Each structure stands twice: as structure tokens, then as C-alpha cells.
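In: Quick one, what's the 3D model for this:
(one chain, ligands or ions: 1)
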Amino acid sequence: MVDDTILWLDACQSTNDEAAKYIRNRQYTTVVAHYQTRGRGRLGRTWHSPAGCGLYLSHIVFPKCSQQIGGAIPLLAGVAVAETCEALGVNVELKWPNDVLVGDKKLAGILCEAQGLPSQWNAIIGIGLNLKTPSSGWPEDVPGVALDALCDAPVDPRSVARTLIRRLDDRIRALENEGTASIFDAWMTRGLALGTRIRRGELEGQFAGLTSEGALRIQTTHGMETVHAGDVHVVRGE
Ligand code: BTN
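Out: Have a look, this model is predicted:
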């Protein structure tokens, strides 16, 4: 039963930090909290985590594949979130590397943290999926959207968590057995449309898909560029 391995908490600082405590003894594979007091986002940002408004979930995996292939885990997690939302009748768009969007608004964010030796490593997949629109609104810098605004029926957080964990585990098995191709294909079918105008720092051009390692390709006026890390912005109105 999946449930025996999930630690359901009322509150914690960050479920990623909490999950790190169970890597060694493997008592739990997943930590879920009702709210986080210091939810962490990518690139040192804060993840706004008000009580009951999000699924704040961290899943620990011990992939039996090289860390190089494991580099696909952030994209894999986006696919698992997309599949979970689709099971609720909500279609999403994935923006490289980790954003789950509906229109221009963010429905979920993903923070993956890997550690260990090349021969024996693990990763914590942290997912913040907006369930309920906060009464205080969204932080100004992150226009958000929540499942309560997108689903007709009420959403049960525990059931969403279980579905998400299954999707993550299925995709990890596929990564171990078949490599990255099916993950990248599944990601591309939900990714921004090819040709979408995007910007990464000084680089601006058209989204041109993924490399065989899952890096981002941007077709600029000066040629094809590859981006391995950072955030990408969609450039609208051109
Ligand atoms: C981002 O888009 O910047 C990533 C956000 C990741 C937030 C989740 S919520 C559960 C887990 N615990 C954290 O502290 N962060 C991740």
C-alpha cells in the first residue's frame, strides 16, 4: 500500500528538508504537508505555501540508472504532474525545465534535489501543486492558478497525492528500463508549441525542442543555442 510509506504532516518548514531525514532509514518514501513555513522554490526563491491551498509533496527516489540519465528527472516530474492533472480533466502546458502552466498561469512548480555517489544516489522530487486559490491571492511575481478554478468537482488532496506518487514511480521505472526517450516524448507532447518565442537572459528566439540530454534548444537569429539551466520566459505579443 502506497499509504504506509507516506508521511502526512500538518506543517513543516519544507517537505524537501523533511524528506531528506528519511533517505537513510527509508521509513517513508514521501512527505506531504498541509502547509510549509519555509517552502523553497527553484533558484533560491520562496514557495508560497498557505494551509490547504497546495499539495506540498516530496518524493524520494533511488533510481537504478546513471546520474546522467537521471538528469531527466525534473522533466519526468513535470510529465507525472501533467498526467495527474489530466486524470482530473485538466490539460496543462509544460515550460522548460520545471513549470506546469495553464495559459500564462502557474499551476505547479518542481524542485528536484539529487545527492549521493555516482554508484548510489537518490533524488528528492519536491512538487507544489496549487489546489485552492489562496484568499490572500497569488504572490505578484508568480501569477498562479489552482485546481479548484479548473475542476468541476472538489479535489481530494490525498487522492491527488496517491495518483501523483504512482505516476512518478511508473515514470522512474520506465526511465530505468527504457532510458529517456519516452519521457522526452511525453514531455514534448505537453511542452510549449515549437516556435513559441522564449527568452533566457540575453538569449531570445524560438523554442526548438530538447536535446538528447533534455537541455533546451533555442533557435536565435544567430543560430541554434542550447540552454542547460535557468529559467525561461515566454515572450508574448510578437
Ligand atoms: C519552483 O517552481 O520554483 C519550484 C517550487 C517547488 C515547491 C515544492 S512544495 C513541496 C517541496 N518543498 C519545498 O520546499 N519545495 C517543494
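
In: Can you give me the domain assignment for this protein?
Out: With domains defined by automatic domain parsing, the chain comprises 2-190, 197-234.

In: Would you format those as JSON lines with mean pLDDT and mean neighbour count included?
Out: From N, CA and C alone the C-beta is placed, and that goes for glycine too. Converted to JSON lines, these look like this (pLDDT from 0 to 100; neighbours: other C-beta atoms under 10 Å):
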{"stretch": "domain 2-190", "mean pLDDT": "95", "mean neighbour count": "18"}
{"stretch": "domain 197-234", "mean pLDDT": "95", "mean neighbour count": "15"}
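
In: and the end-to-end length of stretch 85-101?
Out: 11 Å (C-alpha to C-alpha, to the nearest Å).

In: Longest strand in the chain, please.
Out: strand 105-117 (DSSP state E).

In: which residues are in contact with it?
Out: Residues outside strand 105-117 that contact it (C-beta atoms under 8 Å, 6 or more residues apart in numbering): 16, 20, 23, 40-42, 47, 67, 70, 73-74, 77-78, 81, 85, 90, 92, 98-101, 121-130, 142-147, 150.

In: and after that strand, which helix or strand comes next?
Out: strand 120-130 (DSSP states H and E).

In: so after that following strand, what's the next helix or strand?
Out: Using DSSP H and E, the first helix or strand after strand 120-130 is helix 157-178.

In: Show me what secondary structure element comes after that following helix.
Out: Counting by DSSP H and E, the element after helix 157-178 in chain order, helix or strand, is helix 181-190.

In: ok, residues contacting that next one?
Out: Contact with helix 181-190 is made by 72, 75-76, 78-79, 82, 92-94, 171, 174-175, 209-210, 214, as judged by C-beta under 8 Å, 6+ apart.

In: do the same with stretch 159-174
Out: 2-3, 6, 29-30, 32, 55, 57, 59, 61, 63, 73, 76-77, 79-81, 83-84, 87-88, 125, 127, 129, 131, 147, 182-183, 186.

In: which among these are in contact with the ligand?
Out: Restricting the contacts of stretch 159-174 to those near the ligand by C-beta under 6 Å from any ligand atom leaves Leu57, Ile127.

In: Narrow the contacts of stretch 159-174 to those in strands?
Out: Per DSSP E, the subset of those in strands is Ile6, Thr30, Val32, Leu55, Leu57, His59, Val61, Ile125, Ile127, Leu129.

In: could I get these as JSON lines with distance to Gly201?
Out: Formatted as JSON lines, these follow (distance: C-beta to C-beta, whole Å):
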{"residue": "Ile6", "distance to Gly201": "39"}
{"residue": "Thr30", "distance to Gly201": "35"}
{"residue": "Val32", "distance to Gly201": "35"}
{"residue": "Leu55", "distance to Gly201": "31"}
{"residue": "Leu57", "distance to Gly201": "31"}
{"residue": "His59", "distance to Gly201": "31"}
{"residue": "Val61", "distance to Gly201": "31"}
{"residue": "Ile125", "distance to Gly201": "26"}
{"residue": "Ile127", "distance to Gly201": "26"}
{"residue": "Leu129", "distance to Gly201": "28"}
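
In: and Val232, what does it touch?
Out: Lys95, Trp96, Pro97, Ile198, Arg199, Arg200, Leu216.

In: could those go into CSV alongside distance to the ligand and secondary structure?
Out: What follows is the contacts of Val232, written out as CSV (distance: C-beta to the nearest ligand atom, whole Å; DSSP: H, G, I helix; E, B strand; the rest coil):
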residue, distance to the ligand, secondary structure
Lys95, 10, strand
Trp96, 12, coil
Pro97, 10, coil
Ile198, 17, strand
Arg199, 18, strand
Arg200, 16, strand
Leu216, 16, strand
